[in-house]
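Student: Model the following, please.
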Amino acid sequence: MEFQPGRLRRELETMATMIGCYCRGRHGTDGALCPDCRRLLDYAAVRLQRCPYGETKPTCAKCPIHCYQPEVREKVKAVMRYAGPRMIWRHPILALRHWLDAYRKAPGEPGR
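Tutor: Next comes the predicted model:
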């Protein structure tokens, strides 16, 4: 799946990095993702591609539309809980940009 340069591409890169970190740490993979993590990344990529907010998208936690199925959302939360703290040391630029993106206002929020 190909994204134009910008916020959505960066978000997909961040998600791929976090899932990779999670998969290595929890599933013991080296290099390629396990089938479950590959499916999770593919699912996230499709959801990002179909996001109605496009480049103005807030982080998923602040988005008024929850486009992930509940069980997938729980899996993503587990990935982020595991990989988030590790991202600060392994991928500080991605972690910082993801943290800054959390301050984006969600569509429809006051002040937008």
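Student: switch to C-alpha atoms for all contacts and neighbour counts from now on
Tutor: OK.
Student: From what I see, Y82 and Y22 are in contact.
Tutor: Yes: using C-alpha atoms under 8 Å, Y82 makes contact with Y22 at a distance of 6.3 Å.
Student: So for those two, which sits in the more crowded spot?
Tutor: Y22 (23 against 18; other C-alpha atoms under 10 Å).
Student: Would you check how far apart the more buried one and D30 are?
Tutor: Between Y22 and D30 the computed distance is 11 Å (C-alpha to C-alpha, to the nearest Å).
Student: next one: L100
Tutor: Taken as C-alpha to C-alpha, the span from L100 to D30 is 30 Å.
Student: go on, R9?
Tutor: Noted for R9: a distance of 24 Å to D30, by C-alpha to C-alpha.
Student: where's the most centrally placed residue in the chain, which helix or strand?
Tutor: Closest to where the C-alpha atoms of the chain average out (C-alpha atoms, centre = their mean) is M15, at 3.5 Å. Element membership for M15 (DSSP states H and E) is helix 7-27.
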